[in-house]
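# missing the sequence, but the structure's below:
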């Protein structure tokens, strides 16, 4: 199995600018998918505003390039200023994966 990485972003949303947040999230998802080293992304948020997004990347370098992307930097700043009450980022190396699909 080839080594890859997961970026786990957990957050608590504010009640401000839900429409702007949703639009930016869509743009960021599309932009991330075009980045070299991107594998996939999965997100969920509950009614209380707690959410988790896990993005998967081929390398730590790809994660760093994404973190420093100019459009992503703008989104990060908006997040700090109005969209998040708090957030946490963890970067993990995936050492094993497996799955199950019921027919």
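Looks like it came in fine. Note that the coordinates shown come from a computational prediction; the quantities given were computed from them, not determined experimentally. Numbering: from 1, shown residues only.

# residues in contact with the residue nearest the centre of the chain?
For the chain, the residue nearest the mean C-alpha position is residue 53 (4.6 Å; C-alpha atoms, centre = their mean). Going by C-beta atoms under 8 Å, 6 or more residues apart in numbering, residue 53 touches 8, 9, 11, 41, 42, 43. Placement of C-beta: from N, CA and C, glycine included.

# partners of the host helix or strand of the first one, with directions?
What it means is residue 8. Element membership of residue 8, judged by DSSP states H and E, is strand 4-13. Strand pairing for strand 4-13, using DSSP bridges, gives strand 50-57 (antiparallel), strand 84-94 (antiparallel).

# how about that strand: buried residues?
For strand 4-13, a neighbour-count test (16 or more other C-beta atoms under 10 Å) marks 4, 5, 6, 7, 9, 11, 13 as buried.

# and the longest helix for this protein?
Longest helix in the chain by number of residues (criterion: DSSP state H): helix 18-33.

# which parts of it are buried?
Applying 16+ other C-beta under 10 Å to helix 18-33 flags 21, 24, 25, 28, 32 as buried.

# let me have those residues in CSV, extended by pLDDT and distance to residue 82.
What follows is the buried residues of helix 18-33, written out as CSV (pLDDT from 0 to 100; distance: C-beta to C-beta, whole Å):
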residue, pLDDT, distance to residue 82
21, 91, 8
24, 94, 11
25, 92, 14
28, 94, 15
32, 96, 21
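
# can you redo those as JSON lines with distance to residue 74?
Below are these laid out as JSON lines (distance: C-beta to C-beta, whole Å):
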{"residue": "21", "distance to residue 74": "13"}
{"residue": "24", "distance to residue 74": "9"}
{"residue": "25", "distance to residue 74": "13"}
{"residue": "28", "distance to residue 74": "10"}
{"residue": "32", "distance to residue 74": "14"}
